[in-house]
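J.: structure for this input, please:
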Amino acid sequence: MDPRRAGAHAGPGGARGDGVSGDRLRGALAHSLAVFAGVRLGLSVLALAAVALLPNAADVPGGAAGLPGPVDVPGWPAPRPGPGWHNLFTAWERFDALWFLRIAAGGYRPGDGSAAFFPLYPLAIRAVSWLLGGRPLAAALLVSSAALLAALVVLHLLAATELGEAAARRSVLYLCLFPTAVFLFAPYSEPLFLLLSAAAFLAARRGRWAAAGLAGALAALARSVGVLLAAALAVEALHRRAERRGPAWPGLLAAAAVPLGTLAYLAYWRVRAGDWLAPLHQQATWQRVAVAPWETAVAGTREAFRWIGVYPGGYHLLDWLLVVPAAVACLYAVIRFRPAFGVYALASLLLPLALAFPPRPLMSLPRFLAVVFPIHWALADLVERRALPHTAVVAVSAAGLGVTTLLFAGWYYIF
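T.: The predicted structure follows:
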């Protein structure tokens, strides 16, 4: 069955607006929990090993030129090396995680770079930390873990409607083994965003536009790219009208609600610092500039093969090796799946390419693409059609995930 049309033929629990059967929900939860627990256990072991095995500047008295090391953020020091089982948890406290923890504990501060981090995840950390008696790291890990597990269940249900049960199970596995899925298990905003974006699509496919608009607005409050859901929901609304499955206006209203999440955050900065665009202006802190997407792709390819075998040039090659297959999967999603999913995948690829970090053109793009679930659907669909072997997808993805986890926990520059 063509996935573009699968939703139109969905049975109970499908895209017609029916509820989810108890058996389907239990099956999705059981499979998602098994995958989540298995990958979480494996990555925890790898992260613990990385802390003890991979050298960084903090391990060497007086530091060491060329070695990465703990990077503090204003108001939140990075954890330093030290023996003990606490490393099972602090091994995940890296890079942007420090910003989320700082914001959750101490709030935003004008001009220090914190405005670049959208507020929904820090707010959730703050609330759960209060319930835990003031333990922000534990709260951050709990929120991200719960959000990821819930996201896997939602994506399983959505993929089962669009692709079938077998492909749904594979797509959940491929998502958790994606080479930059390390960020889905770390205290980052990606899991919460993934949950909300998946929920927006699931609600839209079932014609529940109020829920879709709310989930989309919350996604836009979680990450700046959440606003892209507005285009996807609008396309889905128009597509459903073309299929004679209802008027377009409820879906278009839901799409219009998505930017309200972004607008609410911008309004906060207007009140706080007199600058509506403070989150955008803070991008200068990270030295990102607007360029044509193809220029970023060309520069990233050039740098990837310019420094082979030379540290730290390997970061360019690693970025390229992760981005190119994901970009191909995005293009496959555009051709193969419903227009809303294709629009979302393509926009999620092009926007980061248009905001590049010139010294490392593809930096962070592998992380951004980890939550673009049509990529994982594309892999599952290709395996279903026997164009790719399942074992090879799992082996290559798991190997890449192992590498990025070791580097991330060791403070190497995996952002």
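J.: find the nearest non-adjacent residue to L322, please.
T.: Excluding the flanking residues, the one nearest L322 by CB to CB, 6 or more residues apart in numbering is P366, at 3.8 Å. Every residue, glycine included, has its C-beta placed from N, CA and C.
J.: just checking, what packs against the strand or helix carrying that neighbour?
T.: Here P366 sits within helix 365-370, counting by DSSP states H and E. Helix 365-370 is packed against helix 182-185, helix 314-336, helix 339-354, with contacts defined by 3 or more CB pairs under 8 Å, 6 or more residues apart in numbering; DSSP states H and E.
J.: what's the following helix or strand after that helix?
T.: Taking DSSP H and E, what comes next after helix 365-370 is helix 373-384.
J.: hmm, T180 and A370 touching each other?
T.: Yes - in this structure A370 lies within contact range of T180 using CB atoms under 8 Å: 4.5 Å.
J.: what touches both of those two?
T.: Common neighbours of A370 and T180 (criterion: CB atoms under 8 Å, 6 or more residues apart in numbering): none identified.
J.: F408 versus the residue nearest to L322, what's the distance?
T.: Using CB to CB, to the nearest Å, one gets 12 Å for the distance from P366 to F408.
J.: hmm, the residue nearest to L322 is touching A326, no?
T.: Yes - using CB under 8 Å, P366 makes contact with A326 at a distance of 7.1 Å.
J.: of all the helices and strands packed on helix 365-370, which one is nearest A166?
T.: Closest approach to A166 among the helices and strands packed on helix 365-370 is made by helix 314-336 (16.2 Å; CB to CB).
J.: residues making contact with that closest one?
T.: Helix 314-336 is contacted by residues 3-4, 179-180, 300-301, 303-308, 341-343, 345-346, 348-349, 360-363, 365-366, 369, 372, 374-379, 381-382, 400, 403-404, 413 when judged by CB under 8 Å, 6+ apart.
J.: angle of it against helix 373-384?
T.: Computed by axes from the mean of the first three to the mean of the last three CA atoms, to 10 degrees, the angle separating helix 314-336 from helix 373-384 equals 70 degrees.
J.: mind listing what's buried along helix 314-336?
T.: Within helix 314-336, the residues that count as buried by 16 or more other CB atoms under 10 Å are 315-320, 322-323, 325-327, 329-330, 332-334, 336.
J.: quick one: it to helix 339-354, angle?
T.: Helix 314-336 runs at 160 degrees relative to helix 339-354, counting by the same axes, to 10 degrees.
J.: quickly note the distance from T180 to Q287.
T.: T180 sits 21 Å away from Q287, going by CB to CB.
J.: then L229?
T.: The gap separating L229 from Q287 is 27 Å, by CB to CB.
J.: so for the two, which residue has more residues nearby?
T.: L229 (33 against 12; other CB atoms under 10 Å).
J.: contacting residues for the more buried one?
T.: Taking CB under 8 Å, 6+ apart, one finds 197, 200, 216, 219-220, 255, 258, 344 in contact with L229.
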